[in-house]
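**Student:** Pasting the sequence and the predicted model now:
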Amino acid sequence: MLRSMTGFGRAEVTRHGALLTAEVLSLNNRFLEVTCRLPRVLASREWHVRQLIRQHLQRGTVTVTLTLRWLEPSPRAFSIPLAHAYYGMLQQLVRTLGLEEQPRLEHLLRFAELFESSFDPDAEERLWQAAAQALRKALGQLQAMRRSEGKNLAADIRQRLRTIERLVQTIARRNTVSIAQAQQRLRERIAAVLQDIPDPQRLYQELALLADRLDISEECSRLESHLQLARHLLRESQPVGRRLTFLVQEMQREANTIAAKTNDTQIAHSVLQLKEELERIREQAQNIE
């Protein structure tokens, strides 16, 4: 099943007197790029967050936001030695700048570093486990949204593949008529100029070369093969965005070759429609994981 690269998930978990909220936003990207916004108490867990994302996602620009809100007052301690050091620096700054006002308690209270969390490693680990649980739930929502959008993308691409298949069949049928008409025009031009053909064998050779130059049966055959592969990719359970993009590029090259070889107006119009459909699929593939 296809998965889109765009989606959003949000989940909350309450543990140990704290409310942990996880939000995951995913946008298009050729590769996987993860940005983490974590509370200070979980800053050391960024590597774990990235590993968790890599277990679920393979492509996309992913922004992970973890927020922490204490439901109960968190145990904290005041660092007396650090307060003395900060107060000394403030006094030195006052003397250096020649200020009359002396440092006050309200100035010291602005330094968050003076307040030390009394969490032990075990408590921090429990907090991370709760955060990881919230993150997994958010990723579950994100994946559900990506699968839902991927289902719509797959339906649209299948419809366009059916249109392309009809166009290829039309081009193949018209090619047989087009070659015969081109050969007939060549006979008529030669007959009009020479009246009498001096070397019929040479004419047959030219007609064969003309048919070879105008023949696009191989290109049509390869397009049909590519269509079968594209349908197979849409049924894959693994990410197929890159492979589908490369396949569309190959189909575009075949369409360009047909356009270059043909001199038939009807085929040219069909090729134009075919290339439009391929461009729509290419745009859709940019959003597939």
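**Tutor:** Nice, thanks for sending it over.
**Student:** give me the beta-bridge partners of R15?
**Tutor:** Listed by DSSP bridges, the beta-bridge partners for R15 are A18.
**Student:** For it, give me its contacts.
**Tutor:** By CB atoms under 8 Å, 6 or more residues apart in numbering, the contact list for R15 reads 126-127, 129-130, 133. Placement of C-beta: from N, CA and C, glycine included.
**Student:** Helices along the stretch 151-289 of the chain, start to end?
**Tutor:** 200-214, 217-234, 241-261, 265-285 (DSSP state H, counting those that start in this stretch).
**Student:** Report the distance from the third one to the chain centre.
**Tutor:** A distance of 20 Å separates the C-alpha centroid of helix 241-261 from that of its chain, computed with CA atoms, centre = their mean, to the nearest Å.
**Student:** now stretch 251-263
**Tutor:** 28 Å.
**Student:** ok, now stretch 154-170?
**Tutor:** Relative to its chain's centre, stretch 154-170 lies at 23 Å (CA atoms, centre = their mean).
**Student:** before we move on, the earlier item: of the contacts of R15, buried ones?
**Tutor:** Neighbour-count burial (16 or more other CB atoms under 10 Å) is assigned, among these, to 127, 130.
**Student:** Dump the contacts of R15 to CSV, plus pLDDT, secondary structure and distance to Q141.
**Tutor:** As requested, the contacts of R15 are exported to CSV (pLDDT from 0 to 100; DSSP: H, G, I helix; E, B strand; the rest coil; distance: CB to CB, whole Å):
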residue, pLDDT, secondary structure, distance to Q141
R126, 86, helix, 24
L127, 87, helix, 22
Q129, 92, helix, 19
A130, 92, helix, 17
Q133, 95, helix, 13
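**Student:** follow-up on the earlier one: hey, least reliable of the helices of the stretch 151-289 of the chain by pLDDT?
**Tutor:** Of all the helices of the stretch 151-289 of the chain, the minimum mean pLDDT falls on helix 200-214 (a mean of 52).
**Student:** Name the residues that touch stretch 224-236?
**Tutor:** With CB under 8 Å, 6+ apart, stretch 224-236 has contacts from 2, 154, 157-158, 161, 164-165, 168, 240, 243-244, 247-248, 250-251, 254, 281.
**Student:** try it again with 6 Å
**Tutor:** When contacts are defined by CB atoms under 6 Å, 6 or more residues apart in numbering, stretch 224-236 is touched by residues 154, 161, 165, 240, 243-244, 247, 251.
**Student:** Show me the strands in this protein, by range?
**Tutor:** All strands of the chain, identified by DSSP state E, fall at 7-15, 18-27, 32-37, 60-70, 76-78, 115-117.
**Student:** Which strands or helices does the third one pack on?
**Tutor:** On a contact count with 3 or more CB pairs under 6 Å, 6 or more residues apart in numbering; DSSP states H and E, strand 32-37 meets helix 46-56, strand 60-70.
**Student:** so where is the stretch 51-200 of the chain shaky, pLDDT-wise?
**Tutor:** 73-78, 113-122, 176-200 (pLDDT under 70).
**Student:** let's see 50
**Tutor:** 193 (pLDDT under 50).
**Student:** separation between T65 and A155?
**Tutor:** Distance of T65 to A155, given as CB to CB, to the nearest Å: 32 Å.
**Student:** what are the bridge partners for G60, then?
**Tutor:** Where G60 sits in a bridge, its partners, by DSSP bridges, are L32.
**Student:** Renumber starting at 46 from here on
**Tutor:** In the new numbering, first residue 46, that becomes G105.
**Student:** residues contacting it?
**Tutor:** So G105 contacts 50, 71, 74 (CB under 6 Å, 6+ apart).
**Student:** for P148, same thing?
**Tutor:** 132, 135.
**Student:** Now it. Its backbone dihedrals?
**Tutor:** Note on P148: backbone dihedrals following degrees, to the nearest 10 are phi -60, psi 140.
**Student:** What's the local residue count around V316?
**Tutor:** 24 (other CB atoms under 10 Å).
**Student:** Over to A275?
**Tutor:** By the criterion of other CB under 10 Å, A275 has 22 neighbours.
**Student:** Ok, L206 next?
**Tutor:** For L206, the count of nearby residues is 20 (other CB under 10 Å).
**Student:** and the gap between it and Q329?
**Tutor:** 11 Å.
**Student:** one step back: now tabulate the contacts of stretch 269-281 in JSON lines and tack on distance to G105.
**Tutor:** JSON lines is the format used below for the contacts of stretch 269-281 (distance: CB to CB, whole Å):
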{"residue": "A199", "distance to G105": "18"}
{"residue": "L206", "distance to G105": "25"}
{"residue": "E210", "distance to G105": "31"}
{"residue": "V285", "distance to G105": "14"}
{"residue": "R288", "distance to G105": "16"}
{"residue": "L289", "distance to G105": "16"}
{"residue": "L292", "distance to G105": "20"}
{"residue": "M296", "distance to G105": "25"}
